[in-house]
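1. sequence-free structure coming up:
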């Protein structure tokens, strides 16, 4: 049976936005943020019964909200038979305890909800380890020695007993487990590094899908690569485990397309840190495809939220194509309006295969813009060089001649240097 949830947000009287914003981060309205929190709670399987917003000059250190609002919430949770109260801001351990004592109900913050969703939807060994690490890092400062916070997040140490002795034992156990997880994740990071080195040897260019959660990244990967096994679902954080598949550009160039975990406003720092191994895939991409759900309001703030995370992991300056997805859900006039506002963006429907040819052409233009057009004449006894050019370049013309095989191709500078002994002509 779903829990009955009540949502709470605190907004600055000065800025009109939540207090949790760091300088420079995207700032959605209170309505946008609460709507998103409601989606997260519903996605977790709970039922949102009501919500409230309080405007304050500064957060209350004991409860985040004011004492009057706590009294109001106490009455509301009784009247509406609320099972859990969810705050849109990250609560300190003390604030959580104070609120639970005052309200007589479990209290969660946005971070705890996101961690629950991640724990439910991580399927690979790597994903599960990364989620466990994030959850334990979140839990460590919230230990009480009574098992209260442990049970909330589904964890457990298996100890009983009162007092500081139990609390210190729990902390040691958690720190030990965190250390073990960090070692295992580091091993996986090194393994991913080896896989990337193999890709570099093969010179396969990489395009990484990034974007807000539920923007349609996995659907786009499936449509471009034909991978019917890619998991697609119309809910937040449907994909946590990275996936990489190959597709071909209009001229037949192979590109490795990688899918990544969706971003969200206020993505917990624990998750960014724990999923750094997965997010590093973005850092080794040659181009980013920033996928945006064109059918939902708040486009600018969602774009900014993704850019915030890209900046945090060091990918803010990468070549990026802005891709507006789900245009099949819009009226033509709405699409035209977006095209005027975002002139450099590409507009597609991954589900309906609309605009994908133009998108792959744009990917090709970015990835292979430095390629040179060359004409080579390779002796018949140098089949190795023929194979090399076919593997590393795009052969556009072929002719068997008396003194060798003539090929016209587009290739990068490294391949061109290998082909210099056989050059017959060089163009642009």
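-> Structure received. None of the values given here were measured: they were computed from a predicted structure.
2. mind listing the strands for the protein?
-> Per DSSP state E, the chain carries strands over the ranges 4-12, 47-56, 84-87, 107-109, 206-211, 243-248, 254-259, 287-293, 320-325, 346-347, 372-378, 394-401, 404-411, 423-427.
3. looking at the ones you listed, which is closest to residue 96?
-> Closest of these to residue 96 is strand 107-109, at 5.4 Å (criterion: CB to CB). Heads up, the C-betas are built off the backbone N, CA and C, glycines and all.
4. where in the stretch 101-250 of the chain is pLDDT low?
-> Where the stretch 101-250 of the chain drops to pLDDT under 70, the residues are 144-164, 196, 198-203, 229-242.
5. circling back to that earlier point, could I get the strands of the chain as a markdown table with distance to residue 307 and mean neighbour count?
-> Shown next, in a markdown table, are the strands of the chain (distance: least, CB to CB, whole Å; neighbours: other CB atoms under 10 Å):
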| stretch | distance to residue 307 | mean neighbour count |
| --- | --- | --- |
| strand 4-12 | 22 | 22 |
| strand 47-56 | 26 | 16 |
| strand 84-87 | 26 | 23 |
| strand 107-109 | 24 | 25 |
| strand 206-211 | 10 | 25 |
| strand 243-248 | 23 | 16 |
| strand 254-259 | 19 | 20 |
| strand 287-293 | 8 | 23 |
| strand 320-325 | 9 | 22 |
| strand 346-347 | 17 | 22 |
| strand 372-378 | 33 | 19 |
| strand 394-401 | 33 | 12 |
| strand 404-411 | 32 | 20 |
| strand 423-427 | 38 | 12 |
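6. looking at those, which has the lowest confidence?
-> With a mean of 66, strand 423-427 has the lowest mean pLDDT of the strands of the chain.
7. Nearest approach to residue 266 belongs to which of the strands of the chain?
-> The minimum distance between residue 266 and those falls on strand 107-109, with 9.7 Å, by CB to CB.
8. so what strands line up beside that closest one?
-> Pairing partners of strand 107-109, with direction, according to DSSP bridges: strand 84-87 (parallel).
9. Longest helix in the chain, please.
-> Longest helix in the chain, counting residues (DSSP state H): helix 163-202.
10. the inter-axis angle of that helix versus strand 254-259?
-> Counting by axes from the mean of the first three to the mean of the last three CA atoms, to 10 degrees, helix 163-202 lies at 170 degrees to strand 254-259.
11. Residue 371 is in contact with residue 412, isn't it?
-> Yes: the criterion here is CB atoms under 8 Å, and residue 371 meets it with residue 412 at 5.8 Å.
12. Quick check: neighbours shared by these two?
-> By CB atoms under 8 Å, 6 or more residues apart in numbering, residue 371 and residue 412 have these common neighbours: residue 393.
13. Same drill for the two, tell me which one is more crowded.
-> The residue with more neighbours, out of residue 371 and residue 412, is residue 371; 20 against 16, by other CB atoms under 10 Å.
14. State the distance from that one to residue 81.
-> Distance of residue 371 to residue 81, given as CB to CB, to the nearest Å: 66 Å.
15. again, but for residue 69
-> Per CB to CB, residue 69 is found 20 Å from residue 81.
16. So these two - more neighbours on which side?
-> Per other CB under 10 Å, whichever of residue 69 and residue 81 has more neighbours is residue 69, with 19 against 8.
17. In space, what's closest to that one - neighbours in sequence excluded?
-> Spatially, and ignoring its direct neighbours in sequence, residue 69 is nearest to residue 54 (5.0 Å; CB to CB, 6 or more residues apart in numbering).
18. so who does that neighbour touch?
-> Contacts of residue 54 (CB under 8 Å, 6+ apart): 8, 9, 10, 11, 65, 66, 69.
19. Can you name the residues bridging to it?
-> As for beta bridges, residue 54 partners with residue 10 under DSSP bridges.
20. mind starting the numbering at 341 from now?
-> Taking 341 as the first residue, the last one we looked at is residue 394.
21. Could you check how far it is from residue 611?
-> 27 Å.
22. how does this protein divide into domains?
-> 344-456, 462-525, 544-707, 712-767 (automatic domain parsing).
23. Listing request: residues of the stretch 591-740 of the chain with sub-threshold pLDDT.
-> If you take pLDDT under 70 as the line, the stretch 591-740 of the chain has these spans: 614-615, 617-618.
24. can you give me the helices in it?
-> Along the stretch 591-740 of the chain, counting by DSSP state H, counting those that start in this stretch, helices occupy 609-614, 616-623, 639-653, 672-681, 696-707, 723-732.
25. Give the buried residues for the longest one.
-> To tie it back to what came earlier, the one meant is helix 639-653. For helix 639-653, the neighbour count (16 or more other CB atoms under 10 Å) marks 639, 641, 642, 643, 644, 645, 646, 647, 648, 649, 650, 652 as buried.
26. Not including adjacent chain positions, what is the nearest residue to the last one?
-> Read that as residue 652. Among residues not flanking residue 652 along the chain, residue 612 sits closest, at 6.2 Å (CB to CB, 6+ apart).
27. circling back: turn the strands of the chain into JSON lines, columns for distance to residue 694.
-> Shown next, in JSON lines, are the strands of the chain (distance: least, CB to CB, whole Å):
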{"stretch": "strand 344-352", "distance to residue 694": "36"}
{"stretch": "strand 387-396", "distance to residue 694": "34"}
{"stretch": "strand 424-427", "distance to residue 694": "37"}
{"stretch": "strand 447-449", "distance to residue 694": "39"}
{"stretch": "strand 546-551", "distance to residue 694": "17"}
{"stretch": "strand 583-588", "distance to residue 694": "16"}
{"stretch": "strand 594-599", "distance to residue 694": "18"}
{"stretch": "strand 627-633", "distance to residue 694": "14"}
{"stretch": "strand 660-665", "distance to residue 694": "10"}
{"stretch": "strand 686-687", "distance to residue 694": "8"}
{"stretch": "strand 712-718", "distance to residue 694": "32"}
{"stretch": "strand 734-741", "distance to residue 694": "26"}
{"stretch": "strand 744-751", "distance to residue 694": "28"}
{"stretch": "strand 763-767", "distance to residue 694": "35"}
